[in-house]
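[1] return a 3D structure for these sequence lines:
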Amino acid sequence: MIGSAATARTKSQSFYGHFYIEHNRGHHVRVATPEDPASSRYGENFYQFWPRTVGGSLKSAWNIEKKRYARKKQHPFRIGNDVLNAWLMSAVLWGAMIAWLGVGITPYLVIQAVVGFSLLEVVKHMEHYGMVR
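    Predicted coordinates for the structure are as follows:
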């Protein structure tokens, strides 16, 4: 899956690589339904939406990969797991940045990650606000 690797690399700076899995294999299937954590509800402001979508998307991505490996009768904790692969790329990138610039860079990495994925989530909130099917 060349596309998934490329997208996971672009999300590695924000430790949000699971987004690719959830967005394409979860959100696109369940958009505008109560099961979709990435669809904002009518009357739900961004601060209510943010924790639900961040936690729900992570949980959804993990469950998608877990089911994929269950079909293969394999344990999901393996390098081919797209969620773990994305996290590994993030850990390597962050580790390299900390090794190069020192541990003092860590708060800046965390801040840029939270701001980065929050901007993504605010766009999703606006795009899907109140949609129901």
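[2] so where's this structure uncertain?
    Scanning the chain for pLDDT under 70 picks out the ranges 1-11.
[3] for it, which helix is longest?
    helix 46-71 (DSSP state H).
[4] so which elements touch whichever helix or strand comes after that helix?
    Next helix or strand after helix 46-71 toward the C-terminus (DSSP states H and E): helix 82-101. In terms of contacts (3 or more Cβ pairs under 8 Å, 6 or more residues apart in numbering; DSSP states H and E), helix 82-101 is packed against helix 2-11, helix 18-22, helix 46-71, helix 106-128. To be clear about C-beta, it is placed using only N, CA and C from the backbone, and glycine gets the same treatment.
[5] how far off centre is the longest helix of the chain?
    Offset of helix 46-71 from its chain centre (Cα atoms, centre = their mean, to the nearest Å): 8 Å.
[6] for the helices and strands packed on helix 82-101, state which one has the densest average packing.
    For the helices and strands packed on helix 82-101, the largest average neighbour count (mean count of other Cβ atoms under 10 Å) is found in helix 18-22, namely a mean of 25.
[7] what about the most centrally placed residue in the chain, distance to residue 95?
    Centroid check for the chain by Cα atoms, centre = their mean gives residue 19 as the closest residue, at 2.8 Å. Taking Cβ to Cβ, to the nearest Å as the measure, residue 19 falls 21 Å from residue 95.
[8] same thing with residue 35?
    Here the criterion is Cβ to Cβ. By it, residue 35 lies 36 Å from residue 95.
[9] still on that earlier bit, compare the helices and strands packed on helix 82-101 and give me the one nearest residue 88.
    helix 2-11 (9.4 Å; Cβ to Cβ).
[10] ok, back up a step: what helices and strands are in contact with the longest helix of the chain?
    Using 3+ Cβ pairs under 8 Å, 6+ apart, the elements in contact with helix 46-71 are helix 18-22, helix 82-101, helix 106-128.
[11] any idea which of those helices gets closest to residue 73?
    With Cβ to Cβ, the closest approach to residue 73 among the helices and strands packed on helix 46-71 belongs to helix 82-101: 18.2 Å.
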